[in-house]
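Chemist: this one's structure only:
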């Protein structure tokens, strides 16, 4: 099976999942039977990048979140979920844009030859679309288990602009563009400690476009007011993405790891 046909099948599976979810939701006359959750959130993630060429290490970078803040151009993260009885669907997005620059003196003992100028930009987009089937009730003391199935699109675009020292030097441009789609399966356990406090634990694994993607989240939430319309959720998220490319005759393996605390602002209605 060719890569193109494999990716086509992945898109078909994701569309079938979405169509199945929409087919079971009630119409406008019963719209009150659908539970909605909208949650913008912040993910204070550290980022690790490891690159191997023909099994030899080429790049190893670990950037803590406090250093990423200075390089952050923009970020948007959000989660939308709807559920009717046992069936539900969700959409999640993480969009981050980073920019950095460096000036490197060239020459022994100082900038004798001039300065090497480097500008780099990174755009990382994660799109997640899926559905779930609920076993049990989250309102009960025992909690509920959701069986998850869906698709995840990963887009990463990194560009470099390098200006060599010396008069009349022409800038050099390079770009790394990664776009892959995975199908994932996993589980989520949700429940409540009491009327105010709840919890959520999720883990899923995907593959197809990537060599493997592991996603895990654990969090607790506090509800305000008697209706539970608004909640704050604090947790920890871990994401590991493995990529492989052999288009130029050599095998390049890339591993991206993102991990750190996450704070969500949850609206339930």
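Modeler: Received, thanks. No experiment lies behind these values; they were computed from the predicted model shown. Residues are numbered from 1 along each chain as shown.

Chemist: can you pull out the strands in the stretch 151-269 of the chain?
Modeler: Secondary structure of the stretch 151-269 of the chain by DSSP state E, counting those that start in this stretch: the strands cover 171-192, 197-208, 212-224, 230-245, 252-268.

Chemist: go through these and name the closest to residue 130.
Modeler: Each of the strands of the stretch 151-269 of the chain has some distance to residue 130 by C-beta to C-beta; the shortest is strand 171-192, at 7.3 Å. From N, CA and C alone the C-beta is placed, and that goes for glycine too.

Chemist: what's the closest one packed up against?
Modeler: helix 3-24, strand 144-163, strand 197-208, strand 212-224 (3 or more C-beta pairs under 8 Å, 6 or more residues apart in numbering; DSSP states H and E).

Chemist: where does the stretch 101-250 of the chain dip in pLDDT?
Modeler: 101-120, 138-142, 158-176, 247-249 (pLDDT under 70).

Chemist: the same query, at a cut-off of 50, please.
Modeler: 110 (pLDDT under 50).

Chemist: residue 82 bridge partners, please.
Modeler: residue 36, residue 89 (DSSP bridges).

Chemist: doesn't residue 91 make contact with it?
Modeler: No. Applying C-beta atoms under 8 Å as the test, residue 82 and residue 91 come out as separate, 9.4 Å apart.

Chemist: dump the residue contacts of residue 262.
Modeler: 41, 42, 43, 44, 217, 219, 233, 234, 235, 236, 237 (C-beta atoms under 8 Å, 6 or more residues apart in numbering).

Chemist: list only buried entries from those residues.
Modeler: 41, 43, 44, 217, 219, 233, 235, 237 (16 or more other C-beta atoms under 10 Å).

Chemist: tell me if the first one really is in a helix.
Modeler: No. Judged by DSSP: H, G, I helix; E, B strand; the rest coil, residue 41 forms no part of a helix; its state is strand.

Chemist: start the count at 72, not 1, going forward
Modeler: Sounds good: first residue 72 from here, last item residue 112.

Chemist: I'd assumed residue 146 was in contact with it.
Modeler: No. Residue 112 is beyond contact range of residue 146, at 10.6 Å (criterion: C-beta under 8 Å).

Chemist: just give the nearest non-adjacent residue to residue 325, would you?
Modeler: residue 314 (4.3 Å; C-beta to C-beta, 6 or more residues apart in numbering).

Chemist: what sits against the one you found?
Modeler: So residue 314 contacts 249, 251, 281, 282, 324, 325, 326, 327 (C-beta under 8 Å, 6+ apart).

Chemist: quick one: it from residue 324, how far?
Modeler: 7 Å (C-beta to C-beta, to the nearest Å).

Chemist: same check on residue 124?
Modeler: Distance from residue 124 to residue 324, counting by C-beta to C-beta: 8 Å.

Chemist: more neighbours: which of these two?
Modeler: Summary of the neighbour comparison: residue 124 and residue 324, criterion other C-beta atoms under 10 Å, with residue 324 having more neighbours (18 against 14).

Chemist: look at that one and report its pLDDT.
Modeler: According to the prediction, residue 324 has pLDDT 79.

Chemist: that one contacts residue 283, correct?
Modeler: No. In this structure, residue 324 is not within contact of residue 283 by C-beta under 8 Å, at 11.3 Å.

Chemist: what do these two both touch?
Modeler: residue 313.

Chemist: beta partners of residue 250?
Modeler: residue 226.

Chemist: can you tell me which residues contact it?
Modeler: Contacts of residue 250 (C-beta under 8 Å, 6+ apart): 224, 225, 226, 227.

Chemist: dump the residue contacts of the nearest residue to the last one once chain neighbours are set aside.
Modeler: The spatially closest residue to residue 227, leaving aside those adjacent along the chain, is residue 249, at 4.3 Å (C-beta to C-beta, 6+ apart). Each residue near residue 249 by C-beta under 8 Å, 6+ apart is listed here: 225, 226, 227, 228, 314, 325.
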